[in-house]
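**Q** My questions concern the predicted model and sequence given below.
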Protein chains: 2
Amino acid sequence: MKTVILAGGKGTRLWPLSRELMPKQFVRFLDDRSLFQKTVERALLFSKPSEIFIVTNRNYRFRVLDDLRELGVEIPEDNILLEPSARNTLPAILWATLRIEEEFGNSVVAVLPSDHLIEVNEAYERAFENAERLAKNHLVTFGIKPTRPHTGYGYIKPGEKIEENGRIIGYTVSEFKEKPDLETAKRYVESGYYWNSGMFAFSSSLFIEEVQKHASDVWEAFEESGDIEEAYNRVPEISIDYGVMEKTDKAAVVPLNTKWSDLGSFDAIYEVLEKDSDGNAVRVRGKKGYHVGVNSRNNLIMTERLTATVGVEDLIIIDTGDALLVAKKGESQRVKEVYKALKELGDERVIVHRTAYRPWGSYTVLEEGDRYKIKRLTVLPGKKLSLQMHYHRSEHWVVVRGTAKVIVGDREILLRPGESTFIPAGVKHRLENPGKVVLEVIETQIGEYLGEDDIVRFDDEFGRV
Amino acid sequence: MKTVILAGGKGTRLWPLSRELMPKQFVRFLDDRSLFQKTVERALLFSKPSEIFIVTNRNYRFRVLDDLRELGVEIPEDNILLEPSARNTLPAILWATLRIEEEFGNSVVAVLPSDHLIEVNEAYERAFENAERLAKNHLVTFGIKPTRPHTGYGYIKPGEKIEENGRIIGYTVSEFKEKPDLETAKRYVESGYYWNSGMFAFSSSLFIEEVQKHASDVWEAFEESGDIEEAYNRVPEISIDYGVMEKTDKAAVVPLNTKWSDLGSFDAIYEVLEKDSDGNAVRVRGKKGYHVGVNSRNNLIMTERLTATVGVEDLIIIDTGDALLVAKKGESQRVKEVYKALKELGDERVIVHRTAYRPWGSYTVLEEGDRYKIKRLTVLPGKKLSLQMHYHRSEHWVVVRGTAKVIVGDREILLRPGESTFIPAGVKHRLENPGKVVLEVIETQIGEYLGEDDIVRFDDEFGRV
């Protein structure tokens, strides 16, 4: 089976945990694996690395590459499809399916969103085996057995049984249902409807036929464009559900009885996390953080710091070093209004975390003051920053860990932990990690102007000159 | 009039805003003046600097000196009485009164707590004039006219009018009342009782007589001890209210109609702050912080960061860089339970803020990592740190502002903004601000062990060798 991983979503409802350049599929908020990495691991159950295709936004290219490198999974870079802009799921899935047809001919394709949480168990594996059987003649969806009448999910009403060798391997789809109100949701659950998981399986040729039939504008945008840029300029923004699944008569549903959540809000995150005896779900990052609760119940607390709560219930407290959110459970959908307000104010904290990722590693702004800025730079083994110069600031580098190769003007020096160097304004310089372990450097910038745009690049491994 | 300022209180109910080494009278949380500084300004209405006496804990000596220096008020250092330990208000007031008698003979003395908020207006000035007249024959308390039936304050039931030239200048005290329940408080307010403000005025000789009469153990501890150390070892912990005011038949009350709060809890702070149109009282420190509220009402928000609230009411959100408190209004008294829990855990964040004060200035820990620590040092003009050495860490200093005179081993150098130096482990060094403006230095420490106790001092201006 070939697998398409959808990793282009940006989401605004988990701010400040996620940011525009670090959407939830790449954030490590459950454990030390991102949701994207967990999805790659699931894809590897049925596909070889060369059979996995990832559709994502251009902005996330290095996030995808870093996550794969960390996993040690070698997916060919050609399999990473970088969308010029966001056009919802149907164009993304069609593009990847066309690429799979081109490379492998007609194939069974599984489509996995990378920002959901799903438990892999025997039922999961059996469902995918059933889906593979059905995929020749059906566009298969996976229907999660509901655990409660959730109003935040779409539902699938199953139709006729589909049997193979006397065993039920799925159902036709009688109807797709939009997110219901609570009463309707209760009826759905009682009537045996399934949650629409957003996962699919189909044979590539059948899928392409159905797109041609039901979403001809999407098809034509790809068929008639010279390149992907043009296709994405032409193609409408449309989901696979709305464009194809709700229209085709070939839809089938494979029931899947496993733990699943779309993690679409902080309320959903609270639901999936483990709670302490007071019902608090607490996740702490960093060695100085912990939670002290006095008369506090049923709160979600994600923090990097010492966080005390007194007499509060049903709160969502998200602390990310540069921003703090305190929200009432049940209102966490309205976090997107905060996001919008910050966007209008031009606050960059909707775009990046305190830690910003670069192709060579990352940097974290530790402190910004009047006339100085302090950063921690992390340079990956074998990587180097561009050869650069700043007009308005001098920089001081102190090596904390690893070995640095530094060019300052005409000199080239090696710096070990505890050693430092000074780069005056106007002098060309370059930082490189020639070693096998991560290089960590504390940078103190001093100057009248400290914007990231005071940079002149002379040479760059990543094409940024 | 002579004035005694009580500045030894430590308070645990405003954590994390206040800490053991930075109690609320020194924290700038209302504006850029501390409550202590505001109290000194009030004292100056009726007393010359040499007539003002400050009783505080030894730990707060440099806090008092810094606050006075910043105000530009030259109170003789002999007037700053440093208590070896906390013994509540009566020993503190007696000590200061004895010092005043010794220096000035029998005098009228006003006693001002430094951790309350009080508005100075015409009524305030008139009340002190009346108190001065009454002080010869009375121990005068100031009774605040209640604005509501507050259950957190003690009350004073006035007795007979005391007139002078046909004008009422005060009342005898009929009774002191403990903090009442709501029903009782309503009755008190209706019956014309006053809030007990904790401010007093009396002639020194009368006060000493009354202490001898009603609190002979306190008197004897001072009378019979060779020094203040011994006196504080012997003296019981007792308030002026309990030890003298409630027992004497010489108590009088001067009504005072002005805004007043003991700021005894975050609820009280919320009450005195200005609110926006949603009833939120927001105070932001630092240039990167602000509040974005979606459907959020009647919250107290004190923060250094971008803080968003969604769908929350009646919360207290206190963010101080190194710690976060989220509490329900009405439960803010229970903050002391958090304090106790942290104390038991040995968490130093009950003792100091991210910024720690030293006689030469202050330092702020910006970041602590594995094997490195970054601090911002602020050195006051003309001050120098001790000549010192560390066994386990090297240090890098970058000057951000001002001029540094630096001794490293045998060398002495001057560093200007943007310049830096390196101090290897095991090398003697010293940092000095020879200039007229504040010196700011970023220090990066690298080493296996980075505790504050890895310091060998060879010479120190402040007697810390």
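**A** Okay, I see it.
**Q** gap between the two ends of stretch A:20-38?
**A** This stretch, stretch A:20-38, spans 21 Å end to end (Cα to Cα, to the nearest Å).
**Q** Now do the helix-or-strand element of chain A with minimal mean pLDDT: distance to the chain's middle.
**A** The weakest-scoring helix or strand in chain A, judged by mean pLDDT, DSSP states H and E, is strand A:355-358 (a mean of 85). Its chain's average C-alpha position is 15 Å from that of strand A:355-358, according to Cα atoms, centre = their mean, to the nearest Å.
**Q** ditto for stretch A:278-287
**A** Distance of stretch A:278-287 from the chain centroid (Cα atoms, centre = their mean) equals 22 Å.
**Q** next one: stretch A:216-234
**A** On Cα atoms, centre = their mean, the centre of stretch A:216-234 falls 25 Å from that of its chain.
**Q** likewise stretch A:109-118?
**A** Centroid separation for stretch A:109-118 versus its chain: 11 Å, with Cα atoms, centre = their mean.
**Q** re the thing from before, neighbouring contacts of the least confident helix or strand of chain A?
**A** By Cβ atoms under 8 Å, 6 or more residues apart in numbering or on different chains, the surrounding residues in contact with strand A:355-358 are A:21-22, A:62-63, A:66, A:362-365, A:385. Using the backbone N, CA and C atoms, a C-beta is placed for each residue, glycine as well.
**Q** repeat that with 10 Å
**A** A:19, A:21-22, A:26, A:60, A:62-63, A:66, A:320-322, A:348, A:362-365, A:375-380, A:383, A:385-386, A:452, A:462, A:464 (Cβ atoms under 10 Å, 6 or more residues apart in numbering or on different chains).
**Q** Buried ones only from the residues you listed, please, as a PyMOL command.
**A** The PyMOL selection below is limited to those of the contacts of strand A:355-358 classed as buried (16 or more other Cβ atoms under 10 Å in any protein chain shown):
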select buried, chain A and resi 19+21+22+26+60+62+63+66+320+321+322+362+363+364+365+375+376+377+378+379+380+383+385+386
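**Q** filter the contacts of strand A:355-358 down to the ones near chain B?
**A** A:320-322, A:364, A:376 (Cβ under 10 Å from any Cβ of the partner chain).
**Q** Check the secondary structure at whatever residue of the stretch 101-250 of chain A ends up closest to chain B for me.
**A** Chain B sits closest to A:G152 of the stretch 101-250 of chain A, with a gap of 16.6 Å, by Cβ to the nearest Cβ. Of the three states, A:G152 takes coil according to DSSP: H, G, I helix; E, B strand; the rest coil.
**Q** Check the gap between it and A:P16 for me.
**A** A:G152 is 21 Å from A:P16, where distance means Cβ to Cβ, to the nearest Å.
**Q** So between these two, which is more surrounded?
**A** Per other Cβ atoms under 10 Å in any protein chain shown, whichever of A:G152 and A:P16 has more neighbours is A:P16, with 25 against 15.
**Q** What is the end-to-end distance of stretch A:381-401?
**A** 12 Å.
**Q** So which of the ones next to chain B among the contacts of strand A:355-358 sit within strands?
**A** Within those, residues falling in strands by DSSP state E are A:364, A:376.
**Q** The ones next to chain B among the contacts of strand A:355-358 into CSV, with extra columns for pLDDT?
**A** Putting those into CSV (pLDDT from 0 to 100) gives the following:
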residue, pLDDT
A:T320, 92
A:G321, 87
A:D322, 91
A:T364, 91
A:R376, 93
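**Q** Wait, A:D241 touches A:F200, no?
**A** Yes - contact criterion Cβ atoms under 10 Å: A:D241 and A:F200 qualify, at 9.5 Å.
**Q** Only C-alpha atoms, please: export the lengthiest helix in chain A in PDB.
**A** When chain A is parsed with DSSP state H, its longest helix is helix A:89-104. Output of helix A:89-104 as PDB, limited to C-alpha atoms (Å, rounded to 0.1, in the frame of the first residue of the first chain):
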ATOM      1  CA  THR A  89      -7.500  18.400   1.200                       C
ATOM      2  CA  LEU A  90      -8.700  17.500  -2.300                       C
ATOM      3  CA  PRO A  91      -6.000  19.200  -4.400                       C
ATOM      4  CA  ALA A  92      -3.300  17.800  -2.000                       C
ATOM      5  CA  ILE A  93      -4.600  14.300  -2.200                       C
ATOM      6  CA  LEU A  94      -5.100  14.500  -6.000                       C
ATOM      7  CA  TRP A  95      -1.500  15.800  -6.500                       C
ATOM      8  CA  ALA A  96       0.000  13.000  -4.400                       C
ATOM      9  CA  THR A  97      -2.200  10.400  -6.100                       C
ATOM     10  CA  LEU A  98      -1.100  11.500  -9.600                       C
ATOM     11  CA  ARG A  99       2.500  11.300  -8.400                       C
ATOM     12  CA  ILE A 100       1.900   7.700  -7.200                       C
ATOM     13  CA  GLU A 101       0.300   6.700 -10.500                       C
ATOM     14  CA  GLU A 102       3.200   8.200 -12.400                       C
ATOM     15  CA  GLU A 103       5.800   6.300 -10.300                       C
ATOM     16  CA  PHE A 104       4.100   3.000  -9.400                       C
END
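**Q** Going along the chain, name the helices of chain A.
**A** A:35-43, A:61-71, A:89-104, A:122-134, A:182-190, A:204-214, A:216-224, A:228-234, A:240, A:266-272, A:335-345.
**Q** Just say which of those is most tucked in.
**A** Using mean count of other Cβ atoms under 10 Å in any protein chain shown, the stretch among these with the largest mean neighbour count is helix A:240, at a mean of 25.
**Q** Name whatever forms a beta bridge with A:A251.
**A** With DSSP bridges as the criterion, A:A251 is bridged to A:L139.
**Q** Contact partners for it?
**A** Contacts for A:A251 (Cβ under 10 Å, 6+ apart) come out as A:138-141, A:156, A:159, A:171-176, A:200, A:202, A:210, A:241, A:244-245.
**Q** Can you give me the distance of it to chain B?
**A** Note on A:A251: its distance to chain B, by Cβ to the nearest Cβ, to the nearest Å, is 38 Å.
**Q** for A:K436, same thing?
**A** Distance of A:K436 to chain B, given as Cβ to the nearest Cβ: 18 Å.
**Q** Compare A:D241 and A:F200 (neighbour count), which wins?
**A** Neighbours per residue (other Cβ under 10 Å) separate A:D241 from A:F200, with A:F200 holding more: 26 against 20.
**Q** what sits against that one?
**A** Contact partners of A:F200, counting by Cβ under 10 Å, 6+ apart, are A:4, A:6, A:89, A:93, A:109-113, A:131, A:135, A:139-142, A:207, A:240-241, A:244-245, A:251.
**Q** average pLDDT across stretch A:194-204?
**A** Mean pLDDT, computed over stretch A:194-204, is 97.
**Q** try stretch A:218-234
**A** Averaged across stretch A:218-234, the pLDDT comes to 96.
**Q** what does it contact?
**A** A:81-87, A:90-95, A:98, A:208-213, A:215-217, A:235-236, A:238, A:240, A:243-244.
**Q** That stretch spans what distance, first to last residue?
**A** Length of stretch A:218-234, first residue to last, Cα to Cα: 8 Å.
**Q** And for stretch A:301-317?
**A** 5 Å.
**Q** Are that stretch and chain B in contact anywhere?
**A** Yes - counting by Cβ under 10 Å from any Cβ, chain B is contacted by stretch A:301-317 at A:301, A:303-317.
**Q** quick one: which of the residues you listed is nearest A:E74?
**A** Closest approach to A:E74 among the residues of stretch A:301-317 next to chain B (Cβ to Cβ): A:E304, at 33.0 Å.
**Q** what residues are up against the closest one?
**A** Counting by Cβ under 10 Å, 6+ apart, A:E304 touches A:284-289, A:319-322, A:354, B:324.
**Q** same thing but 6 Å
**A** Shown in contact with A:E304 (Cβ atoms under 6 Å, 6 or more residues apart in numbering or on different chains): A:285-286, A:289, A:319, A:321.
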